[in-house]
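Visitor: Need the 3D shape of this:
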Amino acid sequence: MKYLDVEIRPMTDSDLPQVMEIENTSFLHPWKEKDFHYEMHENPVSNVWVIEYSNASLGLKTIVGFVDYWVTFDSGTICQIAVHPDIRRSGVGSELMDEVIKDAKIKKIRTLTLEVRESNEKAIKFYQKYGFNISHVKPSYYSNGENALYMILEVN
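Guide: Numbers count the residues shown, from 1 in each chain. You can find the predicted model right below:
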């Protein structure tokens, strides 16, 4: 018997309350709703998706993660990827990353890039699991002075 349906789909305005909960618990300097609104409605290169778990028989739907990535010509940039803290390390992030990589291949993207806090060891290991390699350090990239690691994945 199937209890939960999983869907990765474009984010909508009605998703914002749940997305903001994930955003506010995931990042030191979280985006505001207006930032997501811009990404969804005004940024022509943005792809903003949510992963939603639902149980139709109970009428329950819950956003458990999201990703925002930009496509410019033959490259992509992962701006944000986040999973609700209560279910991290359950495979949700992997489902989102798999979808991004699949979409990148369809769009003939050659490289995916991202920045990650130098101190975020769990995220770095997650990205390395997918084949991202550290290209270089961006000194004092974040507002608190922390360095960012610039990572690149060659998409086949």
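Visitor: in the helix or strand encompassing residue 36, what counts as buried?
Guide: Using DSSP states H and E, residue 36 sits in helix 33-41. For helix 33-41, a neighbour-count test (16 or more other C-beta atoms under 10 Å) marks 36, 39, 40 as buried. The way it works is simple: take the backbone N, C-alpha and C, and place the C-beta from them, glycine included.
Visitor: just stretch 49-57 next, same as before
Guide: 49, 50, 51, 52, 53.
Visitor: Surely residue 142 touches residue 148?
Guide: Yes - with contact defined as C-beta atoms under 8 Å, residue 142 counts as touching residue 148 (6.5 Å).
Visitor: and for those two, which residues touch both?
Guide: residue 117 (C-beta atoms under 8 Å, 6 or more residues apart in numbering).
Visitor: Between these two, which is the more surrounded one?
Guide: Between residue 142 and residue 148, counted using other C-beta atoms under 10 Å, the more crowded position is residue 148 (18 against 15).
Visitor: Need the nearest residue in space to that one, chain neighbours excluded.
Guide: residue 141 (3.5 Å; C-beta to C-beta, 6 or more residues apart in numbering).
Visitor: which SS class is the one you found?
Guide: Three-state assignment for residue 141 (DSSP: H, G, I helix; E, B strand; the rest coil): coil.
Visitor: State the pLDDT value of residue 29.
Guide: At residue 29, the pLDDT value in this model is 88.
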